[in-house]
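J.: What follows is a protein structure lacking sequence information:
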């Protein structure tokens, strides 16, 4: 499995995202709080380009101690990547669907070294539409 | 390694409402290889998002007062005058999470050489998803049946039918359409059947289901007879309506949408069957669109259960309600896939192999690309073939002849076009440092 240098770590915003196509493989690379995460750009739902979607904080239901809802609020610490095809939302830190964790983006090994960011390409046949 | 390194440079941008349809759906093109061997793919429900084409439709209004009213509103900045769509309740795009719902804002080529902007976009969609034909329905006009203003449904529907039949259909034979029936005016519906029913590319007549009209009313019998004589189907297209009294207690769009798209077709189907309309018009073909599939076995079971006890209230029926429903046609979208066993039973109950028609609903937020069907594990290859195209060919009398290009060729050409663009060449030079470990 080839490891590919995709650029300087300093070139990524934080939070930031870059989606790269390497041969026939598409990988979404995210930086969040100084840590890098990478996933195949393929939604487990219907194969949409999940990593190219909008990035938004998770929406939560604010329920008070008396069990009354105060409506919906944005999370202060959880950021999601959202598939633009149908809106499936995945936690950038885990790649898991925010509610049903069996739906998850396929992780790609990623590391930094010498100021650069490296991803390990999936084996041929592992990746696909 | 060297060849691969050369390919590393391609960065993929965030997808927005301005993204070219060929890029937006590029992943669907990869999946389209699964149906590459199939002879015909027909998408029986895709949509015009008419806001940006509204001035063209307004221009065709044949009532001077309404036309002057609408054009004045347009000049004042209103997006869709005369439409009863409530913009403040338009949550379909999920606050921008699903951008194509807010489009299309992509660039298109010069219409003088490449055709009408909408035609260009539909071609891109069909080519990228691997579809031979696409049947177009409006979007905002799905609510027009509840427009209280005098004459609006009547005149807007006529203007839409003219726009469709005079401007769009003649430009692309792969685009098909349905005559919009202003169902609140039965005699006007009859006139439109006569006038537009025989237009090339018109494959049926649609009733937008969001309305409170009883489909068994005597005022519709002549219309049904006329449609039966054409051999083309009557199509009930579902829609959302948050203003329905029952739905006003629903506080989230997801709740309203889940129920509303089923609700109106449940009511129309119930009236259709219990009043034995199929017995009166045995050759009239009926297609139910965009309510998903789960409602059908639910209604079959409910009506069969009560019919055996209360036959005296449905004396026109000669068989179970579900037997009539099983002879009708249904579109596949939005296909409820989370419970595969239930979906399999549903498909068995509706005779999906002969009665189900593939629909994408593109560009709406819950669209289904063709691989929604090809990836189902319990369908035979022949069933997939039928659902994806052959059933529609039978219903719409379409030639079984492939018209679509190879989707991978469309994507490859698009990639070449983008790579050749000056902006991308500059980005490629900036990315020249990308390399493998240990590579010079």
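T.: Arrived safely. It should be emphasised that the depicted structure is a prediction, and the values quoted were computed from it without experimental measurement.
J.: Where does pLDDT dip in the chain?
T.: Just going to use chain A. Within chain A, the ranges that satisfy pLDDT under 70 run A:124-129.
J.: try chain B instead
T.: B:1-9, B:418-440.
J.: of all of it, which residue lies closest to chain A?
T.: Per C-beta to the nearest C-beta, residue B:30 is where chain B lies closest to chain A, at 3.1 Å. Using the backbone N, CA and C atoms, a C-beta is placed for each residue, glycine as well.
J.: Check which helix or strand that residue maps to.
T.: If you go by DSSP states H and E, residue B:30 is part of helix B:26-31.
J.: what separates that helix from the chain centre, distance-wise?
T.: Here helix B:26-31 shows a centroid-to-chain-centroid distance of 20 Å under the convention C-alpha atoms, centre = their mean, to the nearest Å.
J.: Now do the residue nearest the centre of chain A against chain B, distance only.
T.: By C-alpha atoms, centre = their mean, chain A has its centre lying nearest to residue A:92, at 4.0 Å. Using C-beta to the nearest C-beta, to the nearest Å, residue A:92 is found at 14 Å from chain B.
J.: circling back: any residue of the following helix or strand past the helix holding residue B:30 touching chain A?
T.: For helix B:26-31, the following helix or strand on the C-terminal side (DSSP H and E) is strand B:42-47. No - using C-beta under 8 Å from any C-beta of the partner chain, strand B:42-47 stays clear of chain A, with a minimum separation of 15.1 Å.
J.: Does residue A:59 touch residue A:74 like I think?
T.: Yes - the criterion here is C-beta atoms under 8 Å, and residue A:59 meets it with residue A:74 at 6.3 Å.
J.: Same drill for these two, tell me which one is more crowded.
T.: Taking other C-beta atoms under 10 Å in any protein chain shown, residue A:59 and residue A:74 do not tie; residue A:59 has more neighbours (14 against 11).
J.: Tell me who's in contact with the more buried one.
T.: Residues in contact with residue A:59 (C-beta atoms under 8 Å, 6 or more residues apart in numbering or on different chains) are A:72-75.
J.: and of these, the nearest to residue B:44?
T.: Nearest to residue B:44 among the contacts of residue A:59, counting by C-beta to C-beta, is residue A:72 at 36.0 Å.
J.: Show me what that closest one is bridged to.
T.: Beta bridges link residue A:72 to residue A:61 when assigned by DSSP bridges.
J.: looking at it, it is touching residue A:63, isn't it?
T.: No - when contacts are counted by C-beta under 8 Å, residue A:72 is not listed as touching residue A:63 (10.8 Å).
J.: Tell me the one of the contacts of residue A:59 nearest chain B?
T.: residue A:72 (9.1 Å).
J.: Please look at residue B:159 and residue B:60 and confirm they touch.
T.: Yes - using C-beta under 8 Å, residue B:159 is in contact with residue B:60, at 4.0 Å.
J.: So between the two, which is more surrounded?
T.: Using other C-beta under 10 Å as the criterion, residue B:159 and residue B:60 rank with residue B:159 on top: 23 against 17.
J.: tell me which element that one is part of?
T.: helix B:152-162.
J.: hey, what's residue A:19 bridged with?
T.: Listed by DSSP bridges, the beta-bridge partners for residue A:19 are residue A:28, residue B:12.
J.: Run a quick neighbour tally on it.
T.: For residue A:19, the count of nearby residues is 23 (other C-beta under 10 Å).
J.: Could you list which residues are in contact with it?
T.: Residue A:19 neighbours (C-beta under 8 Å, 6+ apart): A:26-29, A:41, A:49, A:51-52, B:11-13.
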